[in-house]
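S.K.: I would like the atomic coordinates for the input below:
(one chain, ligands or ions: 1)
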Amino acid sequence: MSAVVLQARAYAKLNLTVDVLGIRPDGYHEMRMIMQTVGLCDDIQIRLGVPGGGAVRSNLGFLPCDERNIALSAANLFFEETGIQHGGLGIQLHKRIPVCAGMAGGSSDAAAVLRALNGHYGLPFTPRELEELAGRLGSDVPYCLAGGTALAEGRGERITPLSPMPDCWFVVCKPGFSVSTPVVFKKLDLNSISARPDTEGALEALAEGNLPKLCRRMFNVFEEYVARDRHEIGDIKHRLIESGALGATMTGTGPTVFGVFDNAELARGSSTELKSDYVNTFLVKTNKF
Ligand code: C5P
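M.R.: This is a model prediction of the structure:
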């Protein structure tokens with residue numbers, strides 16, 4: 001078997017809204033979230049037919065390179081389910097999406113691996129079947145397969161595509177600490193959630209293509225829990241709004257905060273200003289692959 005190299009791109013997601021409706025019998029939480037992919041991406045190289053291929057390598061020394069790496073789990077699941085012999089597998093990750101940041105970097109890597117392998121081997125799985133495989137890897141992986149603007153419900157794996165978000169700029173800023181998703185879920189006391197997003201209003205704004213109305217409705221129920229212990233969340237939000245963002249919120253279980261701008265100059269200024277204090281600051285646009 002001669003060696004083959006596949007190239008894939010994995011895009012970051014942001015949550016425009018996050019609501020947690022309850023706890024499910026399986027222990028997961030019932031979610032309702034509006035998601036958006038943005039142009040910040042990881043590059044993935046998948047090598048096939050390389051005897052002793054060498055599993056996973058990445059530009060981040062602290063990332064696990066064994067089965068704990070979700071990109072490798074995705075490839076292993078694909079080959080187990082199809083019975084295809086890869087003849088030696090190697091995965092090279094060039095990470096740009098910050099890790100443990102609420103941007104689904106790992107989930108997006110897994111989705112990109114599934115998509116690339118399914119394409120390369122002549123679509124052994126239908127889109128529906130691939131979505132089911134993705135759901136086994138993690139709650140955010142089915143959304144990452146679809147990308148674009150979408151409503152995610154259930155565990156996060158039930159996806160409804162939505163009208164694309166109007167043209168805008170995002171300033172995305174990750175403070176210098178990370179959070180653990182299971183820990184944040186555990187900390188959440190469903191009875192003491194003091195405010196929830198107006199998801200219906202946000203869906204209406206998207207259908208109307210009304211960016212200011214959408215931005216006024218961006219809201220994340222996890223934010224008060226994460227911001228309680230860390231002043232950086234409030235600091236970044238405040239600075240985004242002061243510099244002209246139409247709205248700003250935390251994404252996922254945090255700690256990354258983003259602001260949405262309808263003006264490129266203001267977005268650029270805000271990004272430059274925040275980057276002087278927070279190195280993981282990015283200026284990006286929406287992305288749909
Ligand atoms: O599905 P995934 O493995 O990405 O989830 C990571 C953790 O986040 C789960 O183990 C669970 O603690 C929490 N979670 C949850 N409810 C969800 C999604 C994730 O409680 N809908």
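
S.K.: contacts, neighbours, all on C-alpha from now
M.R.: Noted.

S.K.: can I get the helix or strand residue 44 falls within in CSV? Just the C-alpha atoms.
M.R.: If you go by DSSP states H and E, residue 44 is part of strand 29-48. Presented in CSV, the C-alpha positions along strand 29-48 are these (Å, rounded to 0.1, in the frame of the first residue of the first chain):
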residue,chain,number,x,y,z
HIS,A,29,-27.5,18.1,30.8
GLU,A,30,-30.3,19.0,28.4
MET,A,31,-29.0,21.9,26.3
ARG,A,32,-30.3,24.6,24.0
MET,A,33,-27.6,26.6,22.2
ILE,A,34,-27.1,28.7,19.1
MET,A,35,-23.7,27.9,17.6
GLN,A,36,-21.5,29.6,15.0
THR,A,37,-18.2,28.4,13.4
VAL,A,38,-15.5,31.1,12.9
GLY,A,39,-12.3,31.3,10.9
LEU,A,40,-9.9,30.3,13.6
CYS,A,41,-8.7,26.8,12.7
ASP,A,42,-6.4,23.8,13.4
ASP,A,43,-4.6,22.1,10.5
ILE,A,44,-4.6,18.4,10.5
GLN,A,45,-2.5,16.0,8.4
ILE,A,46,-3.6,12.3,8.3
ARG,A,47,-1.1,9.8,7.0
LEU,A,48,-2.3,6.4,5.8
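
S.K.: next one: it to chain centre, how far?
M.R.: 4 Å (CA atoms, centre = their mean, to the nearest Å).

S.K.: and it, what does it pack against?
M.R.: strand 4-23, strand 89-94, helix 105-120, strand 149-154, helix 199-208, strand 280-284 (3 or more CA pairs under 8 Å, 6 or more residues apart in numbering; DSSP states H and E).

S.K.: near the ligand, which residues of the stretch 101-250 of the chain show up?
M.R.: 138-139, 155-156, 181-182, 185 (CA under 6 Å from any ligand atom).

S.K.: please enumerate the strands of the stretch 101-250 of the chain.
M.R.: Counting by DSSP state E, counting those that start in this stretch, the stretch 101-250 of the chain has strands at residues 149-154, 158-161, 169-174, 219-220, 247-250.

S.K.: with respect to residue 122, which of these lies nearest?
M.R.: strand 158-161 (24.4 Å; CA to CA).

S.K.: partner strands of that closest one, with direction?
M.R.: Using DSSP bridges, strand 158-161 pairs in its sheet with strand 149-154 (antiparallel).

S.K.: quick check: pLDDT value at residue 1.
M.R.: Per-residue confidence (pLDDT) for residue 1: 64.

S.K.: pLDDT below threshold where in the protein?
M.R.: 1, 53-54, 288-289 (pLDDT under 70).

S.K.: redo that, cut-off 90
M.R.: Filtered on pLDDT under 90, the chain yields the residue ranges 1-3, 50-55, 61-67, 187, 192, 194, 229, 287-289.
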